[in-house]
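Participant: The following comprises the amino acid sequence and a computationally predicted model.
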Amino acid sequence: MNNNNFNDDAAELRARSNWTETKGKIRQQYGNLTDDDLEYAEGTQEEWFGKIGNKIGKAAQDVKAWVNSL
């Protein structure tokens, strides 16, 4: 079993289950993000991390690690 896929799945489940709370924490740190920026669709995690990363000037991997730490 590929551990990265497990981590990705776990991160997606965590993001979905606490999404309202997570969005609030993201907005506290990055108030320039819009509702459209924070729109998350299941199965588009990597694209979403890249989009947020571009908007805040960070690599997608850094955004992913930060969101997972919230």
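Facilitator: Cool, got the structure.

Participant: The helix or strand harbouring Val67 packs against which elements?
Facilitator: Val67 is located in helix 60-69, with elements delineated by DSSP states H and E. Where contact means 3 or more Cβ pairs under 8 Å, 6 or more residues apart in numbering; DSSP states H and E, helix 60-69 is packed against helix 3-17, helix 45-56. Just so you know, the C-beta spots here come from the backbone N, C-alpha and C atoms, and that holds for glycine as well.

Participant: Can you mark which positions in the following helix or strand past the longest one are buried?
Facilitator: Which is helix 3-17. For helix 3-17, the following helix or strand on the C-terminal side (DSSP H and E) is helix 19-29. By 16 or more other Cβ atoms under 10 Å, the buried positions in helix 19-29 come out as 22-23, 26.

Participant: Would you mind pulling up the elements that helix 19-29 packs against?
Facilitator: Using 3+ Cβ pairs under 8 Å, 6+ apart, helix 19-29 is in contact with no helix or strand.

Participant: Okay, angle between that helix and helix 60-69 too, please.
Facilitator: For helix 19-29 against helix 60-69, the angle by axes from the mean of the first three to the mean of the last three Cα atoms, to 10 degrees is 120 degrees.

Participant: Quick one: mean pLDDT for helix 19-29?
Facilitator: Helix 19-29 shows a mean pLDDT of 86.

Participant: From the chain's centre, how far out is that helix? Work that out for me.
Facilitator: 10 Å (Cα atoms, centre = their mean, to the nearest Å).

Participant: Give me the residues contacting that helix.
Facilitator: 15, 33, 38, 40, 52, 67, 70 (Cβ atoms under 8 Å, 6 or more residues apart in numbering).

Participant: Can you select the buried ones from those residues in PyMOL?
Facilitator: Filtering the contacts of helix 19-29 down to the buried ones (16+ other Cβ under 10 Å) takes a single PyMOL command:
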select buried, resi 15+33+38+40+52+67
